[in-house]
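**Student:** Provided below are the primary sequence and the corresponding predicted coordinates.
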Amino acid sequence: MYFGVCYYPEHWPEERWETDAKMMREAGINIVRIGEFAWSRMERRAGSFDFTWLDRIIGILAGEGIQVILGTPTATPPKWLMDQHPDLYMRDMYGDVRGYGNRRHYCYSNDNYLPYISTIVGKMAERYGNDPRVVAWQIDNEFGCNETTRCYCDNCKTKFQLWLKDKYQEIDHMNACWGTVFWSQIYNEWEEVIVPAYTVFPLHNPGLVLDYRRFASDAVCRFQKFQTDLIRQYAPQATITHNMMGAFNEIDAFDLSEDLDIVSWDNYPNLMFTKEVDPALAAMQHDITRGLKRTNFWVMEHQSGQPGGNIMFPTPKPQELRRWTYQSIAHGADGILYFRWRGCLFGAEQYWHGILAHDGKAGRKYREVQQVGSELTRIWPSLEGSVNQAQVAMIRSYDHEWVFEIQPHIMDYTYMDHFKSYYHYWYDHQIATDILAPQADFSGYRVLVLPHFIMTTDELVAKVYEYVHAGGIIVLDYRAGAKDWHNRMEALTLPGKFSDLLGISVEEYGVLGKEEFRRIRRLGNEEIYHGRTWFDVIELHGAQALATFSEDYFSGCPAVTMNEYGKGKAYYIGTELDAKLRDDIFSAICRDAELAMSGDGIVTDSPRVEIVSRFKGGQAYTFVINHSVEPVHVQIANPKYDLLSEKELHGVTELGGNGVMILCGAESYRSATMEG
Amino acid sequence: MYFGVCYYPEHWPEERWETDAKMMREAGINIVRIGEFAWSRMERRAGSFDFTWLDRIIGILAGEGIQVILGTPTATPPKWLMDQHPDLYMRDMYGDVRGYGNRRHYCYSNDNYLPYISTIVGKMAERYGNDPRVVAWQIDNEFGCNETTRCYCDNCKTKFQLWLKDKYQEIDHMNACWGTVFWSQIYNEWEEVIVPAYTVFPLHNPGLVLDYRRFASDAVCRFQKFQTDLIRQYAPQATITHNMMGAFNEIDAFDLSEDLDIVSWDNYPNLMFTKEVDPALAAMQHDITRGLKRTNFWVMEHQSGQPGGNIMFPTPKPQELRRWTYQSIAHGADGILYFRWRGCLFGAEQYWHGILAHDGKAGRKYREVQQVGSELTRIWPSLEGSVNQAQVAMIRSYDHEWVFEIQPHIMDYTYMDHFKSYYHYWYDHQIATDILAPQADFSGYRVLVLPHFIMTTDELVAKVYEYVHAGGIIVLDYRAGAKDWHNRMEALTLPGKFSDLLGISVEEYGVLGKEEFRRIRRLGNEEIYHGRTWFDVIELHGAQALATFSEDYFSGCPAVTMNEYGKGKAYYIGTELDAKLRDDIFSAICRDAELAMSGDGIVTDSPRVEIVSRFKGGQAYTFVINHSVEPVHVQIANPKYDLLSEKELHGVTELGGNGVMILCGAESYRSATMEG
Amino acid sequence: MYFGVCYYPEHWPEERWETDAKMMREAGINIVRIGEFAWSRMERRAGSFDFTWLDRIIGILAGEGIQVILGTPTATPPKWLMDQHPDLYMRDMYGDVRGYGNRRHYCYSNDNYLPYISTIVGKMAERYGNDPRVVAWQIDNEFGCNETTRCYCDNCKTKFQLWLKDKYQEIDHMNACWGTVFWSQIYNEWEEVIVPAYTVFPLHNPGLVLDYRRFASDAVCRFQKFQTDLIRQYAPQATITHNMMGAFNEIDAFDLSEDLDIVSWDNYPNLMFTKEVDPALAAMQHDITRGLKRTNFWVMEHQSGQPGGNIMFPTPKPQELRRWTYQSIAHGADGILYFRWRGCLFGAEQYWHGILAHDGKAGRKYREVQQVGSELTRIWPSLEGSVNQAQVAMIRSYDHEWVFEIQPHIMDYTYMDHFKSYYHYWYDHQIATDILAPQADFSGYRVLVLPHFIMTTDELVAKVYEYVHAGGIIVLDYRAGAKDWHNRMEALTLPGKFSDLLGISVEEYGVLGKEEFRRIRRLGNEEIYHGRTWFDVIELHGAQALATFSEDYFSGCPAVTMNEYGKGKAYYIGTELDAKLRDDIFSAICRDAELAMSGDGIVTDSPRVEIVSRFKGGQAYTFVINHSVEPVHVQIANPKYDLLSEKELHGVTELGGNGVMILCGAESYRSATMEG
């Protein structure tokens, strides 16, 4: 297992480096990320290079048995470079230059940047590409961070026009797909096409805006590919990654991952002042990341101190680092690097704290990292090679998320809030879930949820029909099928091409205000449920109603339906369900699908306990994580061995606040250990 | 009666046009607005024209007996045109170009636009100006919509300077009127004068800002006149209108109406998520529109579905369309066109819904339109030629509203909120009200209300004095008379030139915070009233106090006064009245004026019922409109005939939720029918 | 005593001037400020001068015995001047020009402005510099008002680069001090250095931002010095002042004061709609101003009416003017000028009211001014030459305040809120307080409070150690010692260089959310206190705990500590104290320091009464000011004479709402009077 830290030797006097390396080693650290952001130290002036300091620190780390992930420094082109090409700066939608002083100030579409990258990254790859101490490369840093995906400069306009020409070939094909006849926006030439910048009123053609988001996402992927190609030219065997940002949605992370060997992400579970951090959010982002290449991943930056720019966020409490770390591993992380080694004395992030305080002394958090490092050294052999397994998949589509970001439909409402409300069911009920692209292979899953699947292609529709026909269970909901892939309404009665599958028609619909709801009832049940945000007025054409509105002019109309289709079932949800109704409906789905819970008969008395398993050779390793500060009770039906406490457990056991267990079958562990 | 719909044939395949026309006819539709926004389809490239599609749709509609209102497409100059003259784009107060992508992106003051307009509108007028199937023209679309009245480009600066030179002749006359000596802002040359754009602190000279608003409003009128002149050149008999926006205040609608044959407006009663939409708001806007030319009007766009850009607003419930339609007619609408025929599949307004859903099928709202169409066909002969009549007038002055928008005096306070609080009294008490310009003839009204009449001219003051002297009753309130017509303070003790008329002096005054109030009492009354927003400290000089402050250092000073002057009475209100005190004071005024209620002895038990009459040949047609979903009771003193239910009604009758009656004298109806 | 008013003769017809002068004299007024903002009237066109009107009004005022303070008009360069040098306009951080139309539209760093100033101010100084009727000069007006301190134009960039070169000499010294190695921001040339304008994300290098604030403050001082040098060239004996803005923090007022003969400030106690104005705020600002040159001061603008731009603020109630005036004098004001004489009829401030209303008649406020004028004429001989005396000093450092404005650490938290919470203790407990620069001499004070002393220099640290060692009592708090003077973290365990003095180490720390707190207990006390905003986790190394956290993982750790050092004591506060705990701790400090209350045994039963003394020749003049509208009881232990009521008072006396007493020893007053 890679257990490490992000480190900036250039921020510290060389005299300190050996102390740092030694302290790292003593904490069990075996990997360090360096180099990203250090362009100025490698090439202080154009063409004037110095890699000797990098050689020295790599050597010192190696001396303590620590390997290196090397970052390319392209997120921070130095001032001398920007002064040579002021056209590199991003422009905002008002045309204002987003000037120097922070980072990520370059436009992805400006080819003038590429020769500089060729030089610096080329030199790095040449020097370290085949160095066994350098085990991986990180391209740039957090693409898109701080709203840097979409730029409105003239370069972007030209590149966008070329992208469109390539996509649509004929301008009237584009005119038709976008519907530019609306408000006389027909284009005659590619050169006339705009980027969706500042205009009279912030309401552009929906097809244009969606394509601009796709273009911008593609531009980042192309920018990354320039660097991966460069590195592979010198080091064909290099392992290359990029540190993504979990639920961040400006770039299609499925596309961005294609060119990478392994994906990683930056996990900061507590960036906010909320009374109680919801651990499902980190869980979901782990699952998102694992789904990108459908395999295990790294956490490239793992929160270790209070984050902060000009204001600070909460500091991790004792044992939180450890708990978060095990949650990461439980969801598929095979590498963990804490961010950062030590609080920096200067710069914009002097308040973004790390393991060590500014004084560089070993404190509480260092000791906690040391504890985790020591545990992992001991238990990793058992976990190595284990993977997550799921019978449920949720489809997360960036295209769909963009549509809802462009057109939220409802005030203060996001695709991801909606997505997360379904995800939470699986999280709460210990049911492992994969999160996949719409292009993924659906086979092998018992249940498939496609939240807000508003756009379709014939191909995707056919795949969904086939999946259900063959016995799959699918969940669709309001707005499904309303549009084609160009963000253009279908001229069909809703749910459009899904009508036959779902056995319903949506006769009309409406939005609800922020505080509004409509009452919902279920047959044979006195409970009052609530639908929010939206209501569909549904007519049944073969489906059956599972829940029914009981007020307003659509009282008596179905709110949730189920249709049998082929060997499978197709559910439809025509409103935003409250948690109670969601749980009722999803429990029914689980019964239909005969889904198993994650832990082999392991249950708790607290909703703050997460239970999730990794598997290897038929053996489950079940992580029981207490996300509260209070002790909880864990009931263990079959005898288990806890890797962490090194105890056999059976029946009811107490798990302390912030406590973690990693349970495997007691017997098989004993036999494995004897063999080993 | 014109009963119709806004239609965009260019959005739909030609194969569909006949179906649409037939469905329209079957819903009773006899008029369709087309053409506005369709420039690209008429002139796809500079000088390349195609009107054949317009010929075809006009023919198809005529085939179903449907006539056409033709819109000029100048709200949406196409991209090829803008690329020829990028100087046409509006600029915001920061100097940023308000670029392409929405609509209304042109500056009214840029003469480079005019040749293009001459060509396209000239060709349309030439082709259709004398076509009997085209019954009216709409110039452009919703002038000023989305804050497009005021532009800050260099053209506007130059045109403003010329406008000022024309108005003031001598620069020192302007310096004196504005008081530019303040902060050394004296201008020596017209070319030095600024537009009130972005500056160090958003606080410009009040005279400058007011004149800039006047200039901007004039520029729109001039822009419109260019088109009406053009059309009349080809078609001197053409009926020309523009679709205004009710209470929208950036353009002086009295001025804009002067050049039009009939005014129309766009009525969207439910654009917001409020628990309970206040129907008085639509009523007031109807009355505003009727007052523009003091005659009946059209509703050019009448809400028929949920509106929406990137978010959606509520969908009309069953029978709401019908209720809103009758409210429009009750207030003087002789034409109703629903917006829009069918939800558009693309473009910025794909979520701005119409009568038909995107699937184009006849649904609930189509059937409701059909119901209304069929009713109107039957009853219109009775109503045709009927008009509203009022003994009360409220003066709405754009100049005054601008002053209060520039200088609200009090945080989160608007002229229109204040205006509406008075309007509501008349609305609640079934007292018909006209809304007029200050320049209107006052004679013929029993009561005249001049809310916040802060600026005066000698001429207006004289007219007010004469009106009261001759027996009129006038209501003035706090800030009356404080300024001259240049937005400059009078050096007079308040209420300035109204002092003699009102028989008071205002010794001092103060504002109150948002949550603050001061208690008010009336003689012989135990009730505690409240004044908000403002207090005048009034001394009586002949007037009598009708209500008196009972706390703070001005306790005992009058809050409301009345002065007899000539044969009339002049009321003064020195604070923002709560509803109770407003009702008390206005009831007294009504008694003084012997005002009659709208309905001939028709009363209800619900505050959600609106009662308003149109008159023809001495006969009242009284609309009783239930703006709630609950049934209400209507008490009918004298026997009436209900045009809608075709029943004679007398005594107490139930009127269902959303229900409407149109009552006329039973006997006279019978005799009229026999005659007819 | 200077008792006066701000007057704008250029706003009024000359016929009115004599009336105004006479009315002023009758109100006891002996000084008038004129001229600032009147550039257009002195030089209407470039090089065309007219001072005759100024001659006339100075003469008329002199005729009534009224002297003049003359303002230089450089806050309002006329339009003709700006049109000659459009480069003079300030630019905001987006690069947008802050255009014409308000005031203060010039950039301090643009030398093109200086020749114009030389001419106009030179001519004024030449003409009036030695005129005995002109007793003082005011430079410009409210430097920095409306965020005009910091500009982002190219001139500023160049001047900033020169300022940096001058400060750091070597660019790598600057690189090191700022830590530009972070994010590759190393500069190679001075010309590369940026101003902290708009960038990708609003988070610049902290050293850069702090230096830019220092530079901008220095630029204003330099700009002022250009004018003071100019005036002194013509009139070496001239008394020169500038009207500052109390707690305004963009300019280092200690620096700005250096070049002035006397400081003055603009006191508007009620600019807001708060239920109850906190009079401590005005008190604190008086004390701030008095500390600038550690001597008495003037109030150049003293609120006399409701202020207002486009909205208005509350009007002063009866006796508020008088009460505020005596509060000003109590804190050290030797001159009071009300703003303004009469409400202006035009211009941006037509709603910023004065003593007279727009009608120019003597009203309530005029009579109140007259009352105060008459009282002051009578009592001033007793007060003349008296000064405030304090044993407590608070250090207010602009550098530190800037650090906390750049990096507030905690959402919605300001240095000044924190500062004020300590100040309030002294205010509430009648303990006179000086407010000083960190560079001030500390000796002579018993207690010194250094709120948030986050940055240190070795020199300042040494001074603090010496002060305590010699017997002083010091109060430091959380964040003390965290940084060096370059806004760079110390690589030391907190509280850094203060560790020995304080006898503690801060092992770690964290922020608390807005609604969060942690419970605190004190030994031998059942009370529950609360810490907010921040917690330090403190270890004692010699100090003793005065209060201790009683929850969360640092329960049992000290929240407040005290360390004996040399002959003195050093307190440390590791959280934001609630008022109860603050009072407990500060009371203990007072006992340690044996501090005396302001009044000689004068106490009241109301927290709304302020008691503060001026001293002359061993005699205290104690102002007892009732800041409520209710009468209160004042208990007077030793017989006193009240200068205002001219009564001897002893024992319990009632003081009316808004009432004021000025008490001195009855006996000494009698003997002084007999002598006099």
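**Tutor:** Received it, and whenever you're ready, just let me know what you need.
**Student:** residues touching A:Tyr268, list them.
**Tutor:** A:Glu301, A:Gln303, A:Pro307 (CB atoms under 8 Å, 6 or more residues apart in numbering or on different chains). C-beta: built from backbone N, CA, C; applies to glycine.
**Student:** May I have the phi/psi pair for it?
**Tutor:** Taking degrees, to the nearest 10, you get phi -120, psi 90 for the backbone angles of A:Tyr268.
**Student:** can you check A:Glu564 too?
**Tutor:** Reported as degrees, to the nearest 10, the phi and psi values for A:Glu564 are phi -80, psi 130.
**Student:** Neighbours of A:Cys145, how many?
**Tutor:** A:Cys145 has 19 neighbours, counted by other CB atoms under 10 Å in any protein chain shown.
**Student:** Is the spatially closest residue to it that is not a sequence neighbour part of a helix or strand, or is it coil?
**Tutor:** The shortest distance from A:Cys145 to any non-neighbouring residue, by CB to CB, 6 or more residues apart in numbering or on different chains, is to A:Arg104 (6.1 Å). A:Arg104 falls in the coil class when you classify it by DSSP: H, G, I helix; E, B strand; the rest coil.
**Student:** tell me the domain boundaries of chain A?
**Tutor:** Using automatic domain parsing, the domain parsing of chain A gives A:2-148+A:224-383, A:392-593, A:602-675.
**Student:** For stretch A:156-164, give me every contacting residue.
**Tutor:** Residues contacting stretch A:156-164 (CB under 8 Å, 6+ apart): A:107, A:109, A:174, A:190-191, A:193-195, A:211-212, A:215-216, A:218-219.
**Student:** between those residues, which is nearest A:Ile139?
**Tutor:** A:Ala219 (14.4 Å; CB to CB).
**Student:** My understanding was that A:Ala283 contacts A:Glu610; is that so?
**Tutor:** Yes: here A:Ala283 reaches A:Glu610: they are 6.6 Å apart, a contact under CB atoms under 8 Å.
**Student:** got the buried residues for the strand or helix carrying A:Pro381?
**Tutor:** Element membership of A:Pro381, judged by DSSP states H and E, is helix A:364-383. Under the neighbour-count criterion of 16 or more other CB atoms under 10 Å in any protein chain shown, helix A:364-383 has A:364-366, A:368-370, A:372-373, A:375-376, A:379, A:382-383 buried.
**Student:** cool, and stretch A:512-528?
**Tutor:** A:Leu512, A:Gly513, A:Phe517, A:Arg518, A:Ile520, A:Arg521, A:Arg522.
**Student:** circling back: what residues do A:Ala283 and A:Glu610 have in common as contacts?
**Tutor:** With CB under 8 Å, 6+ apart, A:Ala283 and A:Glu610 have common neighbours A:Gln327, A:Tyr427.
**Student:** circling back: wait, which of the buried residues of helix A:364-383 is closest to C:Val560?
**Tutor:** For the buried residues of helix A:364-383, the nearest to C:Val560 is A:Arg364 (22.0 Å; CB to CB).
**Student:** Tell me how far the closest one lies from chain C.
**Tutor:** 6 Å (CB to the nearest CB, to the nearest Å).
**Student:** For that residue, give me its contacts.
**Tutor:** So A:Arg364 contacts A:Pro318, C:Glu507, C:Glu508 (CB under 8 Å, 6+ apart).
**Student:** And A:Ala330, by the same measure?
**Tutor:** Residues in contact with A:Ala330 (CB under 8 Å, 6+ apart) are A:Glu610, A:Val612, A:Ser613, A:Arg614, A:Phe623, A:Ile625.
**Student:** and with 7 Å instead?
**Tutor:** A:Val612, A:Arg614, A:Phe623, A:Ile625 (CB atoms under 7 Å, 6 or more residues apart in numbering or on different chains).
**Student:** again, but for A:Ala21
**Tutor:** Neighbour list for A:Ala21: A:Ile60, A:Leu61, A:Gly63, A:Glu64, A:Ile66 [criterion: CB under 7 Å, 6+ apart].
**Student:** picking up where we left off before, in helices, which of the contacts of A:Arg364 fall?
**Tutor:** Among those, no residue falls in helices (DSSP state H).
**Student:** Filter those residues down to the buried ones, PyMOL style.
**Tutor:** Entered in PyMOL, the line below selects the buried ones among the contacts of A:Arg364, by 16+ other CB under 10 Å:
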select buried, chain C and resi 507+508
